[in-house]
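J.: Prediction below, plus the sequence it came from.
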Amino acid sequence: MAPRTVHYAFAHRILRDLALDTHVDLVGEAIGVDLGPKFATMWDDANASVPETDRVAPDGLATYVVQRPDYAGVLVTLPAPVEPAEAHAVMVVRGATPADTSYFTWEHGLDVVTGAPTVYLCGWNHDGAHVNYGTRPELSIDSFVSEIGARLANG
């Protein structure tokens, strides 16, 4: 019941570290070019670092620019999660400065009481601190995007 190495590393380390690098503006870059090929290469590189039996096909890996009145971001959908702590999707949200950029994950998990599958919203800051905002009732891209808007509005 541990997350698959490639899936976890891509969402929780590789892409997160790139998104929170103050010298990188992924949102600005995504507005100018399709980041899908770049992220596909990053996924392939992660797969190349593990034994063949541990590789995860990139099916479902896609990148979208989200431009709402309240925020702009890059939404990255991931291959379907199988194990807890694997993400369904992540969102990079442009801040007022690069140091204000936010990173959110929409994670597959298990309810601690019932053991039933559930969804968690989590976030990271530039210090690497992880915040679990708790379970979410819906499993949809629209609810993830809206929840991030609500989270940003409420600080």
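T.: Good, I have the coordinates. Remember, it's a predicted structure, so these values are computed and weren't measured experimentally.
J.: where along this structure do the strands fall?
T.: 62-67, 72-77, 87-93, 102-110, 117-124, 130-136 (DSSP state E).
J.: Can you point out the buried residues in the fifth one?
T.: Spelled out, it's strand 117-124. If you call a residue buried by 16 or more other CB atoms under 10 Å, then strand 117-124 has these buried ones: 118, 119, 120, 121, 122, 123, 124. (C-beta placed from N, C-alpha, C; glycine too.)
J.: now swap in the second one and tell me
T.: Neighbour-count burial for strand 72-77, counted by 16+ other CB under 10 Å, picks out 72, 73, 74, 75, 76, 77.
J.: just the last one next, same as before
T.: Neighbour-count burial for strand 130-136, counted by 16+ other CB under 10 Å, picks out residue 136.
J.: what's the angle from it to strand 102-110?
T.: Regarding strand 130-136 and strand 102-110, their directions subtend 50 degrees when assessed with axes from the mean of the first three to the mean of the last three CA atoms, to 10 degrees.
J.: So which elements touch strand 130-136?
T.: Applying 3 or more CB pairs under 8 Å, 6 or more residues apart in numbering; DSSP states H and E, one finds that strand 130-136 contacts strand 117-124, helix 141-153.
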